[in-house]
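Undergrad: A predicted structure for the sequence below; I have some questions about it.
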Amino acid sequence: TELVDRRAQLVAMRAQEKARLTTVKPVARKSEREHIAWLDARIRQIERDLDGRLKDSPLYRPKYDLLDSVPGVGRVTITTLLSRMPELGTLERKRIAALAGVAPFADDSGKRRGQRYIQGGRADVRCVLYMAALSAARCNPVIKAMYERLRAAGKPFKVAITACMRKLLVILKSEQPWRTDPIAR
């Protein structure tokens, strides 16, 4: 968890430095670029360390391999999910979706039926799931088919992508390597 936190801090610092690069005076540009390069190298080093620790762990290795088999799920998503959601793979799909903040909640009162929305949960997990779902909606045949089916049915973009996020989140429950056959999922 500490390495994931440190990586997030360094990524935030790098974003600040890159934004600062556009406004800094020419005399300080070289220093800014050097600092960005140092941050890039440090982030890569932490990512390698995280990757190695997860692959070497008898507890996390099966989950790592399963997540790594899913097209659209990358190293950042894997490390974030495994470090931020130790419950992954053990809870039923509705509970794990609520923990991640991607479960739809009703906004009903009396006879009024309001719109469903997502809230709460673990924001950093939700962020990486969002990016993974965007990627999977392009390169993962199962998620792509689901996304296109929802959009064709008239669902808004956010509703369709959130459904894809939930789908990606519950794959660990199956404990089966990812298959690209839409019927199998």
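TA: Looks like it arrived, so ask away.
Undergrad: residues near the closest residue to residue 35 other than its chain neighbours, how many?
TA: Closest residue to residue 35 apart from its sequence neighbours, by C-beta to C-beta, 6 or more residues apart in numbering: residue 17 at 5.6 Å. All C-beta spots, glycine's among them, are computed from the backbone N, C-alpha and C. Per other C-beta atoms under 10 Å, the neighbour tally for residue 17 reads 18.
Undergrad: secondary structure class for residue 17?
TA: Secondary structure assignment for residue 17 (DSSP: H, G, I helix; E, B strand; the rest coil): helix.
Undergrad: if I look at it, how far off is residue 50?
TA: 22 Å (C-beta to C-beta, to the nearest Å).
Undergrad: find the centremost residue of this structure, please.
TA: What sits nearest the mean C-alpha location of the chain, by C-alpha atoms, centre = their mean, is residue 128, with 2.1 Å.
Undergrad: return the residues in contact with it.
TA: Neighbour list for residue 128: 76, 77, 80, 81 [criterion: C-beta atoms under 8 Å, 6 or more residues apart in numbering].
Undergrad: which ones are touching the first one?
TA: The one in question is residue 76. Residues near residue 76 by C-beta under 8 Å, 6+ apart: 47, 128, 131.
Undergrad: quick check: which element contains the second one?
TA: Looking back up the chat, that one is residue 128. Using DSSP states H and E, residue 128 sits within helix 123-139.
Undergrad: which positions within that helix qualify as buried?
TA: 124, 125, 126, 128, 129, 130, 131, 132, 133, 135, 136, 137 (16 or more other C-beta atoms under 10 Å).
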